[in-house]
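Visitor: Next input, structure requested:
(one chain, ligands or ions: 1)
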Amino acid sequence: MGAATVATISRRGINSEKENEITNIEKKFGCKIVNIKGDVTNLKSLENAMHEIQERSGSASIRGIFHCAGVLHGKLLSNIEENDIDIVLKPKVIGSMNLHHVTNGLDLDYFVVSSSINSLIGIPGQSSYGAANCFLDDFIDWRRKRGLAGQSILWGPLNVGMASRPEFIDNFAKRGFNLLSVAEVRCCLQAALMQNSTNIVYADINWETMSKNYSVPMMERHRNIMSVLFDQLVSCHETFDEDSSFYEFDITSLRDTSKQEQYSALTRFVLHAASKVTGEVDPSTSIDVKLTDLGLDSMSILTFINVVQDYTRYRIPAAFMSNIDRTFRDIIQLLAEKLFEQINSVS
Ligand SMILES: NC(=O)c1ccc[n+]([C@@H]2O[C@H](COP(=O)([O-])OP(=O)(O)OC[C@H]3O[C@@H](n4cnc5c(N)ncnc54)[C@H](OP(=O)(O)O)[C@@H]3O)[C@@H](O)[C@H]2O)c1
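Guide: Next comes the predicted model:
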């Protein structure tokens, strides 16, 4: 967030492809990116890396930590061994404690850890990963109670990094997870940092698939012990189902209608969808009001994007929605361009 120098620490350093990407970012944003080899699970190695960062950033002080180190190493409990648990736990558990230790006494604005929705919703083969992320969430709570900076972001699967391997994508889809795009991640991260909640979840969930998975009898116990959060989210999805006709939108039925009628139908759909998703928008709201003025947070905006996609098959880009000056009129105009062009040209 406006940092002049950003330093990364990883055991292997960066490859030439990333080097090019980094040079482009430096040019575009006028910042300096320093890449240092280090292991967060080894205190001495981390201390050396921090020392090097301090030397290379001159008189600037370190103001933020983003702890993203993690290793994905799935194994079912039936054949898990101690080393399998260590591989996954160490970067998150020892890594966060070492970072806490080496930043002791620094005046930090951020101490953000990358946790996972897996800390709330179990995934077969990922019990160590779930435990590691649970630790992060509680650790951040512990820091905050001591008046220290701290935020844990529980990401759903992302279309970047460890979860974006093709063999995982189908599996996530079956469990009700869509991957968050890079633009969505950027938009959520920005919102999280502004919001500064202790723990915050960002995930793109297909509620229909997920609620089916968790309704089968063998998952009943699992569902019972899940957090209040999950039950609240599922019941929110069930409410959509009961009331879906309220904001139904059938584009083909508008083929022979006037442009004005098409625009009115689209306006009704957008306002009703927003009001149902967020519970905050009155369907009679002016379409010139800014989304941010209505207090829509990034989670409700993502759900809104999903609902619009379900009914229109068009996905509004997250980057489009991240503009703080966006109004409903902008959304309606974008949808009108994307949806009506096709039916109007056919007729
Ligand atoms: N991608 C997702 O869908 C997703 C979803 C939820 C949460 N997350 C979390 O987000 C974080 C970043 O994930 P990603 O998807 O970007 O994964 P990634 O591409 O595999 O990146 C993980 C990074 O951690 C570094 N690392 C691992 N162990 C380390 C250690 N001991 N010391 C220093 N660096 C270490 C790795 O570099 P070296 O191997 O060179 O050290 C690598 O650069 C992880 O904590 C992950 O659990 C990701």
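Visitor: CA atoms for contacts and neighbours, from now on please.
Guide: Fine.
Visitor: From the ligand, how far out is residue 108?
Guide: 20 Å (CA to the nearest ligand atom, to the nearest Å).
Visitor: Quick check, that residue in contact with residue 149.
Guide: Yes: if you go by CA atoms under 8 Å, residue 108 and residue 149 touch, sitting 6.3 Å apart.
Visitor: Of these two, which one has the most company?
Guide: residue 149 (20 against 16; other CA atoms under 10 Å).
Visitor: Would you check how far apart the more buried one and the ligand are?
Guide: 18 Å.
Visitor: near the ligand, which residues of the stretch 1-150 of the chain show up?
Guide: 9-13, 38-41, 68-71, 91, 114-116 (CA under 6 Å from any ligand atom).
Visitor: Would you mind listing which of these are buried?
Guide: 9-10, 38-41, 68-70, 91, 114-116 (16 or more other CA atoms under 10 Å).
Visitor: Among those, which are located in strands?
Guide: 9-10, 114-116 (DSSP state E).
Visitor: would you turn these into JSON lines with pLDDT?
Guide: Shown next, in JSON lines, are those (pLDDT from 0 to 100):
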{"residue": "9", "pLDDT": "97"}
{"residue": "10", "pLDDT": "97"}
{"residue": "114", "pLDDT": "98"}
{"residue": "115", "pLDDT": "97"}
{"residue": "116", "pLDDT": "96"}
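Visitor: Adding distance to residue 134, write the residues you listed out as CSV.
Guide: Listed next are those as CSV, based on distance: CA to CA, whole Å:
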residue, distance to residue 134
9, 23
10, 22
114, 11
115, 8
116, 8
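Visitor: Low-confidence ranges, the stretch 51-200 of the chain, go.
Guide: For the stretch 51-200 of the chain, no stretch has pLDDT under 70.
Visitor: Walking through it, point out its helices one by one.
Guide: 82-102, 127-145, 166-175, 182-195 (DSSP state H, counting those that start in this stretch).
Visitor: Just name the most buried of these.
Guide: helix 127-145 (a mean of 20; mean count of other CA atoms under 10 Å).
Visitor: Tell me the helices and strands packed up against that helix.
Guide: helix 82-102, strand 110-116, strand 151-155 (3 or more CA pairs under 8 Å, 6 or more residues apart in numbering; DSSP states H and E).
Visitor: hmm, try it at 6 Å
Guide: helix 82-102 (3 or more CA pairs under 6 Å, 6 or more residues apart in numbering; DSSP states H and E).
Visitor: what about the helix it packs on, distance to the chain center?
Guide: Mean-position distance between helix 82-102 and its chain equals 23 Å (CA atoms, centre = their mean, to the nearest Å).
Visitor: swap in stretch 292-308?
Guide: Distance, centroid of stretch 292-308 to centroid of chain: 13 Å (CA atoms, centre = their mean).
Visitor: Then stretch 185-197?
Guide: Using CA atoms, centre = their mean, the offset of stretch 185-197 from its chain centre is 9 Å.
Visitor: do the same with stretch 331-343
Guide: The answer for stretch 331-343 is 27 Å, by CA atoms, centre = their mean.
Visitor: Kindly report the same for stretch 172-179.
Guide: Offset of stretch 172-179 from its chain centre (CA atoms, centre = their mean): 14 Å.
Visitor: Which parts of the stretch 201-347 of the chain are helices?
Guide: Going by DSSP H, counting those that start in this stretch, the stretch 201-347 of the chain shows helices at 207-213, 220-225, 228-242, 259-278, 298-312, 318-321, 328-346.
Visitor: what mean pLDDT would you report for the shortest one?
Guide: Which is helix 318-321. Averaging pLDDT along helix 318-321 gives 83.
Visitor: neighbouring contacts of it?
Guide: Contact partners of helix 318-321, identified using CA atoms under 6 Å, 6 or more residues apart in numbering, comprise 183-184.
Visitor: buried residues in that helix?
Guide: Buried-residue list, helix 318-321, by 16+ other CA under 10 Å: 318, 321.
Visitor: just the last one next, same as before
Guide: If you call a residue buried by 16+ other CA under 10 Å, then helix 328-346 has these buried ones: 328-332, 335-336, 339-340.
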